[in-house]
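Colleague: turn this into a structure:
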Amino acid sequence: MKLLTARHASTLSLTMLVWLFGAACGDGASAALDSGGGDGPSADAQNNPPNPAGLGPAPVDLGSTTSGASPVSYVLLAKTGITNVTGSMITGGDLGLSPAAASFITGFSLMSTSTVYSTSASVSAPGKIYAADYTPPTPSNLTTAVLAMETAYRDAAGRTNPDFVNLASGNLGSRTLAPGLYKWGTGVTIPLDVTIAGGANDVWIFQISNDLDLSSATQVLLSGGAQAKNIFWQVAGTVTVHANAHFEGIILCKTGITLQTTASLHGRAFSQTLDAIDNNAITAP
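Modeller: Numbering: from 1, shown residues only. The predicted structure is shown next:
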């Protein structure tokens, strides 16, 4: 018989409380933390190290905020382009693009105050904009940051023995999600508000094999002290945050990320192709 880890024991205890509450209240307990239905937590931890500071898996390493060669220095980081239709305000970090050149950063009215970086009214100071064709050390820093971004994606995608598998067939509307590793063999849709509930040091990793779609005027909400910096969305397909919606967490996307008109993001958008934004408020966690 396999011994339960402390992480899984906590999850099972929470599940038992949810079951007791549901038994007492009938089907009205929909706001309770999801246990994943029949897809419960695995007792194994192969390639899924536990979080040393709280519940859920160990966080994905994004490096140090003090280095331009680190992904966490950037709010938006992409490889083929970063486009801004109009407006937008990026706060709390830099924009980075590599291996594409600065000509593929559009809609920001770049101001060249240095050959190493540019600035923009759409990027709150001291945030800067970096591209692969700027002068050293920018090209090497960006190469290192993009490689680290790809490593972070592989780390998140490679975690095994998830706590929850194919939860709600990928429809997270009205769900409340406990800390843990979640895996879907399909895309994920969020047609109604979803709540991520846990403590300040708890971690969530969402492995999504296809697209992630957050509907218009829908929100990803945090409760209990949960922090966007500890929420990782690994998406093999595209990510679309529709108009007037609000998203929380670090997006690690194999393809493109689109924030439609007046959507907002509290987190980071790391794309291995294009980041496309349109009059968005984007704030680093």
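Colleague: all strands for the stretch 51-200 of the chain, in order.
Modeller: In the stretch 51-200 of the chain, strands defined by DSSP state E, counting those that start in this stretch lie at 74-78, 81-84, 89-91, 94-97, 105-106, 129-131, 164-165, 176-177, 180-184, 188-190, 194-197, listed in chain order.
Colleague: got a pLDDT number for the nearest residue to residue 101 once chain neighbours are set aside?
Modeller: Spatial nearest neighbour of residue 101, excluding adjacent residues (C-beta to C-beta, 6 or more residues apart in numbering): residue 133 at 4.0 Å. Placement of C-beta: from N, CA and C, glycine included. Looking at residue 133, its pLDDT stands at 97.
Colleague: just send the strands of the stretch 51-200 of the chain back as a markdown table, with distance to residue 227 too.
Modeller: Compiled in a markdown table, these are given as follows (distance: least, C-beta to C-beta, whole Å):
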| stretch | distance to residue 227 |
| --- | --- |
| strand 74-78 | 16 |
| strand 81-84 | 25 |
| strand 89-91 | 17 |
| strand 94-97 | 21 |
| strand 105-106 | 29 |
| strand 129-131 | 26 |
| strand 164-165 | 20 |
| strand 176-177 | 14 |
| strand 180-184 | 16 |
| strand 188-190 | 19 |
| strand 194-197 | 10 |
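Colleague: reformat the ones you listed as CSV; add mean neighbour count and distance to residue 223.
Modeller: What follows is the strands of the stretch 51-200 of the chain, written out as CSV (neighbours: other C-beta atoms under 10 Å; distance: least, C-beta to C-beta, whole Å):
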stretch, mean neighbour count, distance to residue 223
strand 74-78, 28, 24
strand 81-84, 22, 31
strand 89-91, 19, 23
strand 94-97, 26, 30
strand 105-106, 19, 36
strand 129-131, 24, 34
strand 164-165, 21, 18
strand 176-177, 21, 8
strand 180-184, 24, 16
strand 188-190, 23, 16
strand 194-197, 22, 5
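Colleague: for those strands, which one sits closest to residue 155?
Modeller: Between residue 155 and those, the tightest spacing by C-beta to C-beta is seen for strand 180-184, at 11.9 Å.
Colleague: neighbouring strands - and their directions - for the closest one?
Modeller: Here strand 180-184 is paired, per DSSP bridges, with strand 164-165 (parallel), strand 204-208 (parallel).
Colleague: which one of these is the most hemmed in?
Modeller: strand 204-208 (a mean of 25; mean count of other C-beta atoms under 10 Å).
Colleague: so which elements touch the helix or strand following that one?
Modeller: Beyond strand 204-208 in the direction of the C-terminus, DSSP states H and E gives the next helix or strand as strand 212-214. Contact partners of strand 212-214 among helices and strands, from 3 or more C-beta pairs under 8 Å, 6 or more residues apart in numbering; DSSP states H and E: strand 188-190, strand 239-241.
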